[in-house]
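**Q** Structure here, sequence nowhere to be found:
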């Protein structure tokens, strides 16, 4: 263990974990925030590491089935009456039938039932919660219900996420680390090896976290495949939803008026569009309008839903090869047709130059092997920090030149606030450190400003954004 690893263990205690263990094949199929939870649980129960992983492998194989194994699970459920599964259980409320409808992804079931007592005890199931669920086969359901739902009832669940989070302790612990140590701690926490990245590349990794820690931030990233663009959002937090190509409807994203069910924007901290150029929208005109409205201030409405609000952040990810960035209009080429509009692009706060990131080729070189914070713990911390505003700090320390529009100011302030929350949650920094944050935030916005000028030079004249830290 390195000196920094020992320091992290000493200061953070049980929420500090060996990240290298999460790379083992026994838990490879699980999201990292789940695998680390299970590793901690089984390693504390068994003194011998290989015994712990042997038991863990049995649990994952038996209780986290692949889709091809669903009939085997159905047979076991029918024969025994009860099974336990590891999954992200999602409950929706059917007021007309007075039912709690359960979604079980690994079984591809969307119409099972959940016991009301479970929902009352764990309200997070209403937005999706990972855990070990106990399912009961209930062929004796009343006939009028049995015809419309699967005869499966969720009767118990052991949640896998951390609940008792002490943000104050996390903030106080920040004071024990230098800035470079803290950055390396975060890089390791998100599952990457800090030694494989330059200081500039580490800053780009911090930028990927901005939409998770700051509400209503819209970011675009362009870069080669296999640089970890979606890896972070998929593995760090269960508060994210990723669309990887395919069709996306306004009902799925905002509000399903027929079922009266909120969409992903209303129930998640972040929605990411992976390979955004391949995303298809089922109602392009409606989607374009609603996205543009939402990206301004977080408000949206649809059908019978009037004036709802969400602080969900949007991330648009595009794949390009490194030399393609020299091609003019590359940002525009990476967006689907409905987004190739200056009014839409202006609502994207900044662009991450992902073409500067190295490809993750070898796990022993690029993935974390040392000690970092447990992913589920860190995910809950940044989820809680979304609720705090650091923008007053930004307002009191920086000023803009006259060529900033209101949207430019909002963009730079939100980006800067997110980085300050990540690097200086204790709100202590010097002017040189804040200048680095500010300069990088301005750079991210400048990419958008430059592209707007290419798209509509009359409406968006060429300009250089300038901002400074007050002395």
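**A** Ah, there it is. Values in this document were obtained by computation on a predicted structure and should not be read as measured data.

**Q** Remind me what whichever helix in the chain runs longest packs against, helices and strands.
**A** The single longest helix within the chain, with elements called by DSSP state H, is helix 431-455. On a contact count with 3 or more CB pairs under 8 Å, 6 or more residues apart in numbering; DSSP states H and E, helix 431-455 meets helix 199-213, helix 330-333, helix 342-345, strand 350-353, helix 406-423, strand 467-469. (Each C-beta comes from the backbone N, C-alpha and C, glycine too.)

**Q** Within the sheet, what are the partner strands of the shortest one, with directions?
**A** This points to strand 467-469. Take DSSP bridges as the rule and strand 467-469 pairs in its sheet with strand 398-400 (antiparallel).

**Q** OK, contacts around residue 100?
**A** Residue 100 makes contact with 91-94, 113-116, 119, according to CB atoms under 8 Å, 6 or more residues apart in numbering.

**Q** Buried subset of the residues you listed, written for ChimeraX?
**A** Filtering those down to the buried ones (16 or more other CB atoms under 10 Å) takes a single ChimeraX command:
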select :91,92,94,113,114,115,119
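
**Q** Show only the entries of the contacts of residue 100 found in strands.
**A** Among these, the ones falling in strands (DSSP state E) are 91-94, 113-114.

**Q** okay if I get those as JSON lines plus pLDDT and distance to residue 190?
**A** Listed next are the ones in strands among the contacts of residue 100 as JSON lines, based on pLDDT from 0 to 100; distance: CB to CB, whole Å:
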{"residue": "91", "pLDDT": "92", "distance to residue 190": "29"}
{"residue": "92", "pLDDT": "88", "distance to residue 190": "31"}
{"residue": "93", "pLDDT": "88", "distance to residue 190": "34"}
{"residue": "94", "pLDDT": "86", "distance to residue 190": "38"}
{"residue": "113", "pLDDT": "94", "distance to residue 190": "37"}
{"residue": "114", "pLDDT": "95", "distance to residue 190": "32"}
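
**Q** The least confident helix or strand in the chain by mean pLDDT: what's the following helix or strand?
**A** Across the helices and strands of the chain, mean confidence by mean pLDDT, DSSP states H and E is lowest for helix 143-146: a mean of 62. Counting by DSSP states H and E, the element after helix 143-146 in chain order, helix or strand, is strand 152-159.

**Q** Tell me the helices and strands packed up against that next one.
**A** Counting contacts by 3+ CB pairs under 8 Å, 6+ apart, strand 152-159 packs against strand 82-94, strand 99-104, strand 109-114, helix 116-121, strand 129-137.

**Q** try it again with 7 Å
**A** Counting contacts by 3 or more CB pairs under 7 Å, 6 or more residues apart in numbering; DSSP states H and E, strand 152-159 packs against strand 109-114, helix 116-121, strand 129-137.

**Q** In the protein, where is pLDDT below threshold?
**A** 1, 143-147, 161-164, 322-330 (pLDDT under 70).

**Q** hey, what's residue 158 bridged with?
**A** Under the criterion used here (DSSP bridges), residue 158 is bridged to residue 132.

**Q** That one against residue 130, yeah?
**A** No: between residue 158 and residue 130 there is no contact under CB atoms under 7 Å: 10.1 Å.

**Q** who has more neighbours, those two?
**A** residue 130 (21 against 12; other CB atoms under 10 Å).

**Q** so what's residue 379 up against?
**A** Residues in contact with residue 379, defined by CB atoms under 7 Å, 6 or more residues apart in numbering, are 33, 236-239.

**Q** what inclination does the strand or helix carrying it have with respect to strand 129-137?
**A** For residue 379, the host element (DSSP H and E) is helix 375-385. Between the axes of helix 375-385 and strand 129-137, defined by axes from the mean of the first three to the mean of the last three CA atoms, to 10 degrees, the angle is 110 degrees.

**Q** Pull out the buried residues from helix 375-385.
**A** The neighbour-count check on helix 375-385 (16+ other CB under 10 Å) flags 375-383, 385 as buried.

**Q** Noted, bye for now.
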